[in-house]
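> Sharing a sequence plus its predicted fold:
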Amino acid sequence: MAEDPKERRSLLETVKAPLIFSFALGVIAGFVTLIVSSGGSDNPRVTHESSGLDNPINLALVAFGIAFIACLLIVSMLQLASRENPEHLSAGSGVNRNSEELYRQQVAERRAKQRQRERKNNNDDGDSPRYGQRSGDSPAAD
């Protein structure tokens with residue numbers, strides 16, 4: 001889906017660029033096949049009554065089709081491979097969540113719990129009485 005429906009995409013972002021390029025290469029392949037299969041430009045045109053693949057026009061059409069389809073496939077795949085993903089796909093919940101953000105949150109939670117444990121241990125050692133002793137009693141007095 002386009003991000004802004006009113007915004008027109010460039011020629012390279014649409015399907016037209018691969019189609020035009022593939023058509024041009026298909027025409028070139030068909031023309032070269034037609035010239036080569038008819039004997040070149042120096043030989044007179046020989047009439048072919050058969051409708052098989054020995055007819056130069058049929059060979060040219062087959063070469064055009066093969067070149068068009070192969071080129072369209074390759075150019076389209078290269079165009080898809082070079083396209084960047086939109087930013088909104090990396091944010092969200094579930095599968096689309098950003099794993100780096102989740103990792104940072106987990107590390108921050110672990111550090112906060114560790115700090116709470118350290119504070120609790122530090123407070124227990126100095127200010128509060130030990131187990132089994134009263135607050136006025138000191139360990140050295142026994």
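In hand now; what should we look at?
> Now stretch 113-122: buried residues?
When burial is assessed from 16 or more other Cβ atoms under 10 Å, stretch 113-122 yields no buried residues. C-beta coordinates here come from the backbone N, C-alpha and C atoms, glycine included.
> How about the helix or strand hosting residue 17, which residues are buried there?
Using DSSP states H and E, residue 17 maps to helix 16-37. Under the neighbour-count criterion of 16+ other Cβ under 10 Å, helix 16-37 has 18, 22, 25, 26, 29, 30, 33, 34, 37 buried.
> ok now do the third one, which residues does it touch?
I take that to be residue 25. 67, 68, 71 (Cβ atoms under 8 Å, 6 or more residues apart in numbering).
> again, only using 6 Å
Neighbour list for residue 25: 67, 71 [criterion: Cβ atoms under 6 Å, 6 or more residues apart in numbering].
> and residue 110, what element?
Here residue 110 is assigned to helix 99-126, by DSSP H and E.
> model confidence over that helix, on average?
Average pLDDT, helix 99-126: 83.
> The helix or strand harbouring residue 81 - what's its average pLDDT?
According to DSSP H and E, residue 81 maps onto helix 56-82. Mean pLDDT, computed over helix 56-82, is 90.
> sorry, back to before: tell me the angle the helix holding residue 17 makes with helix 56-82.
150 degrees (axes from the mean of the first three to the mean of the last three Cα atoms, to 10 degrees).
> From residue 30, how far out is residue 57?
Distance, residue 57 to residue 30, by Cβ to Cβ, to the nearest Å: 9 Å.
> Please disregard the earlier target; I meant residue 21.
15 Å.
> same deal with residue 78?
Distance from residue 78 to residue 30, by Cβ to Cβ: 23 Å.
> Can you pull the phi/psi pair for residue 84?
With angles defined as degrees, to the nearest 10, residue 84 sits at phi -80, psi 150.
> re the thing from before, buried residues in the helix holding residue 81?
For helix 56-82, by 16+ other Cβ under 10 Å, it's 56, 58, 59, 60, 63, 64, 67, 68, 71, 72, 75.
> Out of those residues, which is nearest to residue 86?
residue 75 (22.1 Å; Cβ to Cβ).
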